Structures are given as structure tokens and as C-alpha cells.
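**Student:** give me a 3D structure for the following:
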Amino acid sequence: MFSPVEVGSKLGTGLLSFPVTHFDAEGRFLEADYRAHCGWMLEHELAGLFAAGGTGEFFSLTPDEVGQVVAAAVAETAGRIPVISGCGYGTAIATDIARKAEKAGADGLLLLPPYLIGSNQDGLAAHIEAVCRATGLAVIVYNRDNGIVNDETLARLCERNANLVGFKDGVGDIELMARIQARMGDRLTYIGGLPTAETFATPYLAMGVTTYSSAIFNFLPEWALRFYAAVRAGDHAFVVEQLNAFVLPYIALRNRGRGYAVSIVKAGMRAVGRDAGPVRTPLADLTAAEHEELAALIARVADAAPVAA
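**Tutor:** From the prediction side, this is the model:
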């Protein structure tokens with residue numbers, strides 16, 4: 001078990017894994033397949049594993065299923081790296097999920113935006129604080145969509161909640177990120193969380209965002225690690241080469257359908273022979289033609305240079 005301080009420190013040291021959640025044709029969770037996938041990911045160097053996060057279809061899982069997925073991830077990681085559970089919805093459900101994640105053995109919580117409705121800063125702060133106080137787990141706030149806290153709110157929350165250790169940005173507001181980083185400094189670990197985070201990794205690194213959530217890691221782990229190493233080493237030539245060769249065409253395909261940010265990852269799994277089953281509705285899988293296009297794209301970069309020592 002990692003303490004909140006240890007979670008914050010560890011997550012900033014390397015790439016983060018956000019495994020998909022495996023389902024059968026009827027949408028039932030396949031624990032054995034999921035554990036096998038987590039085990040395969042753990043054969044590579046990672047700083048943390050986020051179970052039942054956005055890529056893991058948190059929004060399609062029941063609170064009990066979140067606990068089941070997290071327990072499976074915890075069992076497979078066996079204390080090697082922190083396991084962070086997805087958490088969200090309204091405050092009552094979010095605190096319930098937080099307690100279920102703690103019981104399942106999670107080391108931390110990734111707090112996604114509340115369901116559907118907007119709120120002012122006081123309401124968001126009360127929601128985040130309730131989750132922080134529901135357990136002793138580390139908490140990472142995910143700024144995105146209808147749950148965007150500003151630097152002043154975040155500073156107040158950090159003063160009152162020692163277990164609030166991370167900030168994940170899914171907005172892309174450079175001014176807000178600059179204000180938060182300037183104000184909070186190393187009090188928080190900063191995580192890049194815009195969809196297909198590789199696109200923004202280099203500029204965000206300059207702002208103190210030392211890590212990001214790589215959904216691509218699910219099906220191209222060696223490539224994802226090589227790209228991350230190039231970003232951290234300032235290998236601009238390799239980064240630009242791979243943006244053009246893979247990331248930007250991948251994004252163009254992802255943008256063809258709403259919800260494809262998750263669906264395309266499961267399609268990538270299928271393309272490399274590690275089928276994780278369909279996405280749950282209301283998401284939809286890629287078409288057969290789109291799947292073939294993705295498979296051809298993956299094949300072109302699957303033999304990218306090995307991870308630098």
C-alpha cells in the first residue's frame with residue numbers, strides 16, 4: 001500500500017497506464033482477461049495503473065463493478081506500483097465509490113467530473129473535499145468538462161486536504177495551467193489528460209507536467225514508452241516524426257465518431273491480437289473499415305525503435 005505522499009511522488013516519475021476494461025459479448029466483466037492484460041502491461045516500466053478510469057469505461061460501470069475491476073488490478077499488481085481507481089458522479093455516489101475502492105485495495109482515486117450538471121467553485125470544492133475526506137486514499141482531481149476548478153479553489157483544497165496530491169488536466173487552458181503550476185509548485189503532481197495525451201506531451205513538460213495518461217499503451221506499449229522517453233529527453237526530432245507517422249493520423253481516425261477516444265483503443269487491442277471485447281453502450285465500436293485503417297496504421301509503427309536505456 002502506498003501512502004498519499006508516496007502516490008504523488010511515484011506517479012510523476014514515469015508513464016501512466018490506463019487499461020481498458022474487458023467485456024464479453026453481453027457486456028459482462030471478464031476478470032481473468034483483464035488481469036492478464038494488466039499483467040502484460042506490468043512487464044513494461046510504469047509509474048502507476050489507473051483502473052476503471054475513463055479509458056476503462058468508468059462511466060459505464062456500476063459502483064460495485066468499479067470495486068471488482070479495482071480489486072482485480074490490485075491483485076495483479078501485487079504492490080509493485082500504485083493502483084488508482086476511477087471515481088465520480090454526484091457526491092453521494094462518488095464517496096461510496098471511494099470507499100469501495102479503498103476496500104478493494106486501491107492506493108488512490110482519480111476524481112472525474114460530476115455527472116451532467118455544472119456548479120460554481122464553492123460547490124465543486126465541497127464535492128472534492130467530501131471525496132478527500134471519505135477515505136485516506138490519495139486523490140487526483142481531473143479538471144475536465146463541467147468540473148473545472150481554478151487555481152484559488154485548488155489552493156484552498158490543498159490547504160485543507162493533505163491527501164489531495166495530484167492534478168490532471170483535461171481542458172488545455174494554458175493560462176489556467178500556468179496559474180495552477182505557479183501557485184502550487186511541487187505541492188501537486190501534474191498529469192496530462194487531454195485525449196491522446198502524446199499530442200500535448202512536449203509543451204506540457206515545459207510547464208512541469210512530467211507524466212500523462214497513455215491510452216495507446218494498451219496496444220503499443222513499447223512505442224508508448226519510446227515516445228515518452230523521447231519527450232523527457234528532449235528528442236524533438238523523434239517526437240515530431242512519430243506525431244506525423246502515427247499520432248496525428250490516429251487522432252484523425254478517432255475524431256470520426258463521438259466517443260471514439262475509448263472505442264479506438266479497444267479497436268487497437270483487437271488489431272494487435274489482444275481483444276478486450278466491445279465497448280458498452282452508449283459508446284459504439286469502430287466500423288470494420290475504420291478498424292482495418294487503424295490496423296494498417298499500427299503495423300507501420302509497431303517496430304519503432306526500442307525504449308532507450
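**Student:** apart from its neighbours in sequence, what residue is nearest residue 199?
**Tutor:** Leaving aside its sequence neighbours, residue 199 sits nearest to residue 247 (CB to CB, 6 or more residues apart in numbering; 5.8 Å). All C-beta spots, glycine's among them, are computed from the backbone N, C-alpha and C.
**Student:** quick one: contacts of stretch 17-36?
**Tutor:** Applying CB atoms under 8 Å, 6 or more residues apart in numbering, the contact partners of stretch 17-36 are 37-38, 41, 46, 48-57, 61, 65, 68-69, 72-73, 75-76, 213-215, 217-218, 262, 265-266, 269, 276-280.
**Student:** can you say which of those are buried?
**Tutor:** For the contacts of stretch 17-36, a neighbour count by 16 or more other CB atoms under 10 Å gives the buried set as 37-38, 41, 46, 48-57, 61, 65, 68-69, 72-73, 76, 213-215, 217-218, 262, 265-266, 269, 276-279.
**Student:** that older thread, I'd say the residue nearest to residue 199 and residue 197 touch.
**Tutor:** No. Taking contacts as CB atoms under 8 Å, residue 247 lies outside contact range of residue 197: 9.9 Å.
**Student:** more neighbours: these two, which one.
**Tutor:** Ranked by neighbour count (other CB atoms under 10 Å), residue 247 and residue 197 place residue 197 first, with 26 against 20.
**Student:** and residue 129, how far is that from residue 183?
**Tutor:** According to CB to CB, to the nearest Å, residue 129 stands 18 Å off from residue 183.
**Student:** what do you get for residue 125?
**Tutor:** 15 Å.
**Student:** and those two? which has more neighbours close in?
**Tutor:** Using other CB under 10 Å, the more surrounded residue of residue 125 and residue 183 is residue 125, with 18 against 15.
**Student:** need the contact list for the more buried one.
**Tutor:** Contacts for residue 125 (CB under 8 Å, 6+ apart) come out as 149, 153, 156-157.
**Student:** wait, a strand at it?
**Tutor:** No. Counting by DSSP: H, G, I helix; E, B strand; the rest coil, residue 125 is not part of a strand but helix.
**Student:** ok, now which ones touch the residue nearest to residue 199?
**Tutor:** Counted by CB under 8 Å, 6+ apart, residue 247 has contacts 196, 198-199.
**Student:** show residues contacting stretch 217-235.
**Tutor:** Residues contacting stretch 217-235 (CB under 8 Å, 6+ apart): 14-15, 17-20, 37, 40-41, 44-45, 55, 198, 201-202, 205, 210, 212, 214, 216, 238-239, 242, 246, 265, 268-269, 271-272, 274, 276, 298, 301-302, 304-308.
**Student:** buried residues in it?
**Tutor:** Buried residues in stretch 217-235 (16+ other CB under 10 Å): 217-232, 235.
**Student:** so what's residue 245 up against?
**Tutor:** By CB under 8 Å, 6+ apart, the contact set of residue 245 is 300-301.
**Student:** span of stretch 40-53 from start to end?
**Tutor:** Chord length of stretch 40-53, first to last residue, is 18 Å (CA to CA, to the nearest Å).
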